[in-house]
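Q: Quick one, what's the 3D model for this:
(one chain, ligands or ions: 1)
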Amino acid sequence: MPVVSPLLHDVAIVGYGPTGALLANLLGQAGLSAVVVERDRAIHALPRAVHFDGETMRNFQSVGLADQVGAIARPSAQGMHFVNAAGQTLMVRRGREGVGPQGWANNWYFHQPELEAVLRQGVTRHASVRVLPGHEVVAVGDRGDQAALSVRATDADAGTTPETLAARYVVGCDGARSLVRRAIGSTTVDLGLHQPWLVVDMICDTTRPRVQALPPHTVQWCDPARPMTIVRVNDSRRRWEIMAMPGDDMDALARPEVFWPMIARWIGPDDATPERAAVYTFHSVVVEGWRRGRLLLAGDACHQTPPFLGQGMCAGLRDAANLAWKLAAVLRGQAGEALLDPYESERAPHVRTFIELAVRLGAVIQPTDPAIAAERDRRFAEGGTELFDFPQPQLGPGCHASGPPPVGSVFQQPLLGDGRRLDDVAGWRFALLGDDAVLAHLGEATLARLAALDVAVIADLSPALEAGLAVHGARALLLRPDRYLMGFARDEAGIAALLDLVPAA
Ligand SMILES: Cc1cc2nc3c(=O)[nH]c(=O)nc-3n(C[C@H](O)[C@H](O)[C@H](O)COP(=O)(O)OP(=O)(O)OC[C@H]3O[C@@H](n4cnc5c(N)ncnc54)[C@H](O)[C@@H]3O)c2cc1C
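A: Predicted structure coming up:
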């Protein structure tokens, strides 16, 4: 079989959506060799993600792209309001003014193709990453000492023999219909929500009074006659997500003459021009089996959520952030391959928390039976408007100490004593933060282990961080490169115990 490259890549990434693109940035930044195989030549053009959270912005910061992403995304202090047809506010996902605990605004709105372009531009900084657009992976297998991928140019003549790529690990970032998932033989856990929706992006004329009157926050319009979601992406671009109803002609739903009357309450053809429209079936699933040997999954390939929380892409980017440092530590010989084992046990319950909440929100938004909707409204009228925030779950069992949060959760990004953001000082690696009285007197053995794992040691704490340590009776804490908290330590023995949680090379 002809070979595209005789190289044994460290990692082959199948799929160049946002998950694959962040992973490629992380691996390239770590100096690993990677090849990305993507079926399409152009960035996916249909309407998908419009929102990401503060943790996700921090993941962009981790690959040096926060400024570039900030230039195409809009920070928002506004929340998301669940409103019924009578104008009663049932629930509010709270917004937040200014900088949130992750060191960035809590919520951002953006146009997914622009974000993907920034991530792809970022990958061009890394000579060790090769991208093959217009190539499809048609088979993948684990051969024990390496993995092999059969790759074919999408414009190749039928019957062209696929070429072979070799890599030490393959990560399937290949979306909801993942081929790598099939090769692993993963099973799917259905969390219960499957519903078609029409999604329409509009370019609005901002001089029009009806456009100016549109709400600044996201609205979940809980009207049993036609549930929908309205999002302000930026001043001119607005999103309507419109639930398909029984009896809708699904082939006609995306036609302007069909959807304009559905949103006439807000705007009409004189106010805006439809940019793009597509019908999706929203799913709620988590896969069991994110890894078999050298084959792994990330992103929509291993979980899908209805978009009511704006968290599907964020979850895929968390997978990339979780997996990249583990792959880097194993491939560099800093940790044993057992470090890859807890990838799924850590991430699956975490993402499931978000999906289950999205399914619960779906049960608030989606009722089309007026009696069920009336009962829902009565419940909220009695109980009052429910306020909630994004969950901040703990990872499942894995590479962190046991104990209550914040252990095993994403740690805040405070400013350090010199006024800089924590991650800008620590870089993309483990970070040991603590009291100088402990850190300045570590013994040789501990120092050698810190060096072997390339741990940043930071004693320049802000008063807030010092106070935070004191609350937990601790004098040091260890963060992973993905900024999840491995645990607290009172002294050098406690620090050594945290380092023991990383499987030895
Ligand atoms: C209407 C809608 C609204 C959404 N809103 C939000 C939101 O506000 N916030 C949020 O966080 N998320 C949101 N999402 C979810 C988000 O868009 C997805 O979770 C995200 O795009 C998944 O990224 P991914 O990289 O994992 O997969 P994808 O983006 O699907 O990328 C997979 C890539 O793999 C390629 N591929 C597949 N098979 C092969 C193969 N065999 N060989 C080569 N290439 C292959 C595909 O061409 C594709 O480019 C929304 C989704 C929808 C549909």
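Q: List the buried residues of the lengthiest helix in the chain.
A: Of all segments of type helix in the chain, defined using DSSP state H, the longest is helix 342-365. Across helix 342-365, burial judged by 16 or more other C-beta atoms under 10 Å covers 342-344, 346-348, 350-352, 354-359, 361-362, 364-365. Every residue, glycine included, has its C-beta placed from N, CA and C.
Q: Tell me which stretches of the stretch 301-450 of the chain form strands.
A: Taking DSSP state E, counting those that start in this stretch to define them, one finds strands in the stretch 301-450 of the chain at 303-304, 386-388, 431-434.
Q: how about a markdown table for those, with mean neighbour count added?
A: Compiled in a markdown table, those are given as follows (neighbours: other C-beta atoms under 10 Å):
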| stretch | mean neighbour count |
| --- | --- |
| strand 303-304 | 28 |
| strand 386-388 | 13 |
| strand 431-434 | 25 |
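Q: nearest to R210, of those strands?
A: strand 386-388 (29.2 Å; C-beta to C-beta).
Q: Give the other helices and strands that that closest one contacts.
A: strand 89-93 (3 or more C-beta pairs under 8 Å, 6 or more residues apart in numbering; DSSP states H and E).
Q: Put the alpha carbons of the strand it packs on into CSV.
A: What follows is strand 89-93, C-alpha atoms only, in CSV (Å, rounded to 0.1, in the frame of the first residue of the first chain):
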residue,chain,number,x,y,z
THR,A,89,-40.0,34.7,33.3
LEU,A,90,-39.7,31.1,34.3
MET,A,91,-36.0,30.7,34.7
VAL,A,92,-32.8,32.8,34.3
ARG,A,93,-29.3,31.5,33.7
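Q: can you start the count at 22 instead of 1 from here on
A: Yep, numbering from 22; the last one is strand 110-114 now.
Q: what's that strand in contact with?
A: 100-105, 241, 243, 330, 382, 385, 397-398, 401, 406-411 (C-beta atoms under 8 Å, 6 or more residues apart in numbering).
Q: before we move on, what about stretch 276-286?
A: Residues external to stretch 276-286 that are found in contact with it (C-beta under 8 Å, 6+ apart): 219, 221, 247, 249, 261, 263, 270, 273-274, 289-290, 295, 298.
Q: Quick check, V210 in contact with V306.
A: Yes. Contact criterion C-beta atoms under 8 Å: V210 and V306 qualify, at 6.4 Å.
Q: For those two, indicate the residue with more neighbours.
A: V306 (18 against 14; other C-beta atoms under 10 Å).
Q: give me the beta-bridge partners of the more buried one?
A: D211, Q325 (DSSP bridges).
Q: I'd like the distance between it and V158.
A: 22 Å (C-beta to C-beta, to the nearest Å).
Q: tell me the centre residue of this protein?
A: C335 (2.0 Å; C-alpha atoms, centre = their mean).
Q: Give me the secondary structure label for the nearest residue to that residue once chain neighbours are set aside.
A: Residue nearest to C335 in three dimensions, not counting chain neighbours: T77, with 4.7 Å by C-beta to C-beta, 6 or more residues apart in numbering. Assigned state for T77: helix (three-state reduction, DSSP: H, G, I helix; E, B strand; the rest coil).
Q: mind checking pLDDT for T77?
A: pLDDT for T77: 98.
Q: do V25 as well
A: 46.
Q: Same check on P68?
A: pLDDT at P68 comes out at 85.
Q: if we can go back for a sec, may I see the PyMOL selection of the buried members of the contacts of strand 110-114?
A: Buried subset of the contacts of strand 110-114, written as a PyMOL selection, criterion 16+ other C-beta under 10 Å:
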select buried, resi 100+101+102+103+104+105+241+243+330+382+385+397+398+401+411
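Q: what residues does the stretch 122-271 of the chain put near the ligand?
A: Contacts of the stretch 122-271 of the chain with the ligand, taken as C-beta under 6 Å from any ligand atom, map to 157-158, 194-196, 200, 220.
Q: same thing but 5 Å
A: 157-158, 195-196, 200, 220 (C-beta under 5 Å from any ligand atom).
Q: got a winner among those residues for most neighbours?
A: D195 (29 neighbours).
Q: Next up, phi/psi of the closest residue to that residue other than its chain neighbours, please.
A: Spatial nearest neighbour of D195, excluding adjacent residues (C-beta to C-beta, 6+ apart): G36 at 3.7 Å. Torsion angles at G36 (phi, psi; degrees, to the nearest 10) stand at phi 100, psi 130.
Q: I'd say G36 and L318 touch.
A: No. Here G36 does not reach L318: they are 10.2 Å apart, not a contact under C-beta under 8 Å.
Q: of the two, who's got more company?
A: Neighbours per residue, other C-beta under 10 Å: of G36 and L318, the larger number sits with L318, 31 against 27.
Q: Thank you kindly, that will do.
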